[in-house]
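Engineer: mind folding the following:
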Amino acid sequence: MTEHLTALGPVTLASLTWGDPDDVRRPLALLLHGFPDTAHTWRHLGPALADAGYRVVAPFTRGYAPSGVPADGSYHVPALMDDALGLHRALGGDDRAVLVGHDWGAITANGIAASEANPFGAVVALAVPPFTAMNPRRDDLIRWLRILPRQAALSWYTLFNQLPLLPERAFERLVAHLWRGWSPGYDATTDLAHLAAALPDDARRAAALGYYRAQPRAWQLPARYRPLARDWTGAPRVPLLYLQGADDGCLDARWADRIGGRLPAGSRSVVVEGAGHFLQLERPAAVNALVLEFVAERAEATR
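Structural biologist: So this is what the prediction gives:
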């Protein structure tokens, strides 16, 4: 595992890499982390993809050290999508490239899967499905209504993070509480240490919380990202693998049972038993196998 820097206009991103990131003979695998997490969340999947022949790049997304704080101050999802597309271009990616995202990284990956600008041959989302797949419909309205109250209770932190200053002040207690609740029984000591290094002060913590604060303020989206503005809540255009932990304390696992038939042909939706929100860390062997199987299937289908 090494580190690699990529300048992308408003921000320079630092990435953990497995395999030479500049070896364009190998297909690119881009892995996007979420909150409250870092690129180290891919310490199991990264080597597995490298062993399968990929050059793996896992950026610390904008605002998370050692990546920079964006000059334009945008933490909107279209900005995150633009960063992922920019990394694909800067690293010489092609249509063999794989995009994997977890949490905010999954929201980013889902948005790219819905975009005509998508250059990736395979897209994998962990812990957050495409928003269109979660919408109510007539044939399952009762099931949707049964999930909604619990999901509203689980999502309390999204409102808390809108508050000024308080989330920054309570940050260490907040993120430890979220890890405990989202992945019950998992020892997050190592991951919380990585997070503390990536968000060491209020300015960096405000950047991470900015992901939550930016979305309701669409009018603040810089012009650079507006071509992607509709995509991040759109329906995926390409086959997608969606994985969710059965014990996820952030997103009710019943969503996964509803979305399988609402994704493009060739997609899969799998609930991973014995895992919570950070399933790539809790059940790495199972997650690695599912991802490797899916990307191999997509590679075969596009030959």
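Engineer: in its sheet, what does whatever helix or strand Thr17 lives in sit against?
Structural biologist: Using DSSP states H and E, Thr17 falls within strand 11-18. According to DSSP bridges, strand 11-18 has the following sheet partners: strand 2-8 (antiparallel), strand 55-59 (antiparallel).
Engineer: paired strands for the helix or strand just after that strand, with orientation please.
Structural biologist: Once the chain leaves strand 11-18, the next helix or strand it forms, by DSSP H and E, is strand 28-32. Using DSSP bridges, the strands paired with strand 28-32 are strand 55-59 (parallel), strand 98-102 (parallel).
Engineer: how far away from the center of its chain is stretch 228-246?
Structural biologist: Mean-position distance between stretch 228-246 and its chain equals 11 Å (C-alpha atoms, centre = their mean, to the nearest Å).
Engineer: which strands and helices sit next to the helix or strand containing Ala50?
Structural biologist: Using DSSP H and E, the element containing Ala50 is helix 45-51. Under the contact criterion of 3 or more C-beta pairs under 8 Å, 6 or more residues apart in numbering; DSSP states H and E, helix 45-51 touches strand 11-18, strand 28-32, strand 55-59, helix 284-301. All C-beta spots, glycine's among them, are computed from the backbone N, C-alpha and C.
Engineer: of these, which is nearest Asp82?
Structural biologist: If you check each of these against Asp82 by C-beta to C-beta, strand 11-18 wins as the nearest, at 9.7 Å.
Engineer: give me the mean pLDDT for that closest one.
Structural biologist: Average pLDDT, strand 11-18: 97.
Engineer: tell me which residues in that strand are buried?
Structural biologist: 11-18 (16 or more other C-beta atoms under 10 Å).
Engineer: dump it to CSV, restricted to CA.
Structural biologist: The C-alpha trace of strand 11-18 is given here as CSV (Å, rounded to 0.1, in the frame of the first residue of the first chain):
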residue,chain,number,x,y,z
VAL,A,11,-8.8,20.1,-4.8
THR,A,12,-5.8,17.8,-4.6
LEU,A,13,-6.7,14.3,-3.5
ALA,A,14,-4.4,11.9,-1.7
SER,A,15,-5.1,8.2,-2.2
LEU,A,16,-4.0,4.9,-0.8
THR,A,17,-3.0,2.6,-3.7
TRP,A,18,-2.5,-1.1,-4.2
